[in-house]
Each structure stands twice: as C-alpha cells, then as structure tokens.
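Student: Generate coordinates for the sequence data below:
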Amino acid sequence: MTSHELTLEQARRIVVRATLLDADRPGDVVEVAEQIGQIKIDPTAVIAPCEHTVLWSRIGWSYEPGQLKKAVEQDRLLFEFDGAFRPVSLLPAIRAGMRDPAVRESAVEWLAVNDGFRREVLARLRAEGPMTASEIPDTAQVSKAPDGWYGANQVPIMLDLLSRHGEVGIVGRVGRNRIWDVAERAFPQDLPELEPMEATAELQRRCLQAEGLARPHHWWSGVGKDTGEPARVEGTRMRFRVDPDALRALDEPDPGGRVAFLNPYDRLLFDRRRLIELFGFTYVLEQFKPKPQRVYGYFAHPILFGDRFIGMLDAEHDREREVLRVNAIHEFDEWGSDERELVRLELGELADWLGVPLTGLD
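Tutor: As a prediction, this is how the structure comes out:
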C-alpha cells in the first residue's frame, strides 16, 4: 500500500481532532472514553485528579465529576481496569487477554503458593458482595516485601493480579479506595467472545483511533505495524500509521482550535518523540525532579493553542485558602493579545469549574 503523504499541518490536525482537543467539544464522558479509549486515573491533584482534568479539558464547563461516577457505577458504560476508566465496548478485547495475562513469572509463582489465600478472597467477595481491600483479611501463606507500589498488606497485590486474570473487577470507589467484586457481577456477561488475534487487532485499531496518527509501537502507542494505513509527514523521517477515518475527516470543515490545559498524564503527551516530530515540543515532567532543577514547576500543565504548544501553566488549587492560584505562566514565544486573552478566559473557566476564585494573574 502506498504511503500517504501528509503536511505537518494535516498531521497535527488529525492528532488534535482524534484526541478531542479541537473546537468541536464532545458532549459527555462516555463519548470521550469511546474515542480516546482510556481516561487515566492518577491521584496527583495539584489542580484536580487526572481523570477529571482530562475530561474537563475536553468537555469544558458542563463536566461534573459526578458524571464519571455515574457512568462507571450506575450506568456501567465504563469500567476501571489497569489504572484507567475504559468504555465497555473495549471489554471483549481486553477480556481475551485475561485468559493468558502477561504477568511476571514471580507473580505466577506467588499466586501458586498462595492458592488458599486466592480462594478465600474470591469466596468472601462472592458471599458478602463488593468491598474494599481493607475489608478483606490478609491470610497470605507467602508475602511479597513492600515496594514502591504496595505496602506489607498482601490483599491489594492479590486483587490486582486477580483482576488481570479476569476473576475480579472494580465496581466503584470510596474516595480513592477501589471497591472490588467477582467478575460475574462486575462485568456484563452477554458480551461477545473474541479470539486472541481478533482481540489484538481490535485493541490496536482502537488505539490508532485514539491517536489519529501514531508510530507503531506496542508500548508508546499500542498500534501495530499493519494497523490502519501507512503515512509519512513532511519534515520527518518517522514512519506512521494513520486512522483511515481520521484521514477522510480532513475533507470535512475544520472546526478550528482552542486553548486547552493538558494534565501531565494526558494521553496526547505520552509519546514524547511524536510530540517533538509533529509539534516541535520537548516535554519533560518535572514532578520527580529536585526543586532547583525545575524550569516550569512541579506539575505544570502544557498549554495547547489550536495545534501548537505555546507555553506551560504552573497553577494549583489551594484547598486551604480555596483559590486557584497561578504561580507562573511560561510563554515559549511572546504571545499576541489573542493568545493572552484566550488563556485568561480558559483560566477563568477552570476556576469557575473548581468553584473558587482565580488569583495570581497580573
């Protein structure tokens, strides 16, 4: 198949539209999840937790956190798996991978020696219904040492491994604590069964849909080397795969761009090489850097204006004083009056969404 030749402007437009960051905003939480495939969960809440800022940056002022909770816990149109909320339409493809999950040999061995513990956890959930990890006794025969992700309690480790095997699922949260149940109650049972190759192809197709234009890589994009159609972009030697639907959409009217503040864990920022090649933006998350080495701030949000990254926003929701405080706005190049005014308006919308005054702007 002949490779499509794209201009840099076309490539950026495809990516921005695929990630729902153009002027044509989506209407609700489910629409966002269906298009971008996953809404990452992260507790870092300098402004707000990742799952909420990802949704707000797409939907805007009409998004309320309760909408996400309703979609997951009541409507069951989204489900939580592997650190993200995902649409139920992806569940058949994901469950196919649960039959033979990719876990380390040490995890397989730990499950084997803790088979009694495993059966006790499943029996308790089946008999008593949904519960948090803290409500389940730790009766592990062999314990894993605490690490950076888990403490000494073995229950969260067991539940996470059982979720990868498709034996339990997360049905909700109390604060940041996950509520677990057995898979037969956690997930719909009338979904189609996919064979492994069919499931892999579907996951790769949906990943390309979420990216629009991606370099094929199992980790950075989840896109296979034969997913979609081949494409090249002017000014870069990278090989891309393009979503055919996104390619056809180039012939539709362009809704234009807008200002968006991106959570540092936003999917658009994940492939750093693609950011450099397509947007000329070198992004470094400074969260884990010593303070003297930070340039833009602990958890600065990149500012997207149309199809360009124009700066970084260092702001925080000060919950003690109940304000959205702007510590700094870093301009990559000197902004014009339009850029400055639209960023200020978006900051005002963000403060209104949080329900607090805005402070720190000149």
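Student: Where does the nearest residue to residue 333 once chain neighbours are set aside sit, in terms of helix or strand?
Tutor: If the residues on either side of it in the chain are set aside, residue 333 comes closest to residue 310, at 7.3 Å by Cβ to Cβ, 6 or more residues apart in numbering. Where C-beta positions appear, they are placed from N, C-alpha and C, glycine not excepted. Under the criterion of DSSP states H and E, residue 310 resides in strand 308-318.
Student: strands paired with that strand, and their directions?
Tutor: Strand pairing for strand 308-318, determined by DSSP bridges: strand 301-305 (antiparallel), strand 323-331 (antiparallel).
Student: Could you single out the most deeply buried of the ones you listed?
Tutor: Scoring the strands paired with strand 308-318 by mean neighbour count under mean count of other Cβ atoms under 10 Å gives strand 301-305 as the most buried, with a mean of 23.
Student: Keeping just the C-alphas, turn it into PDB.
Tutor: The C-alpha coordinates for strand 301-305 follow below in PDB (Å, rounded to 0.1, in the frame of the first residue of the first chain):
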ATOM      1  CA  HIS A 301       0.300  21.800  32.500                       C
ATOM      2  CA  PRO A 302       1.300  22.200  28.900                       C
ATOM      3  CA  ILE A 303      -0.900  24.800  27.100                       C
ATOM      4  CA  LEU A 304      -2.200  23.800  23.700                       C
ATOM      5  CA  PHE A 305      -3.500  26.600  21.400                       C
END
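Student: contact partners of it?
Tutor: The contact list for strand 301-305 (Cβ atoms under 8 Å, 6 or more residues apart in numbering) reads 16, 21, 47, 53, 257-264, 268-269, 281, 283, 309-313, 315, 329, 339, 342-343.
Student: bridging residues for the residue most central in space within the chain?
Tutor: Taking Cα atoms, centre = their mean, the centroid of the chain lies closest to residue 40, which sits 2.8 Å from it. Note on residue 40: beta-bridge partners residue 84, judged by DSSP bridges.
Student: Okay, now the unreliable bits of the stretch 51-200 of the chain?
Tutor: Scanning the stretch 51-200 of the chain for pLDDT under 70 picks out nothing.
Student: What segments of it are helices?
Tutor: 65-73, 91-98, 105-113, 115-128, 155-164, 183-186, 196-211 (DSSP state H, counting those that start in this stretch).
Student: can you redo those helices as CSV with distance to residue 299 and mean neighbour count?
Tutor: Listed next are those as CSV, based on distance: least, Cβ to Cβ, whole Å; neighbours: other Cβ atoms under 10 Å:
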stretch, distance to residue 299, mean neighbour count
helix 65-73, 19, 17
helix 91-98, 30, 18
helix 105-113, 31, 13
helix 115-128, 35, 15
helix 155-164, 25, 20
helix 183-186, 32, 16
helix 196-211, 24, 20
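Student: Quick one: closest of those to residue 7.
Tutor: helix 196-211 (18.0 Å; Cβ to Cβ).
Student: continuing past the closest one, what's the next helix or strand?
Tutor: Downstream of helix 196-211 (by DSSP H and E), the next one is strand 213-214.
Student: In the chain, spot the helix with the most residues.
Tutor: Counting residues, the longest helix found in the chain (DSSP state H) is helix 337-354.
Student: out of the strands paired with strand 308-318, nearest to residue 203?
Tutor: Of all these, it is strand 301-305 that lies closest to residue 203, at 26.6 Å by Cβ to Cβ.
Student: so the closest one versus helix 337-354, what angle?
Tutor: Using axes from the mean of the first three to the mean of the last three Cα atoms, to 10 degrees, the direction of strand 301-305 lies 130 degrees away from that of helix 337-354.
Student: Perfect, that will be all.
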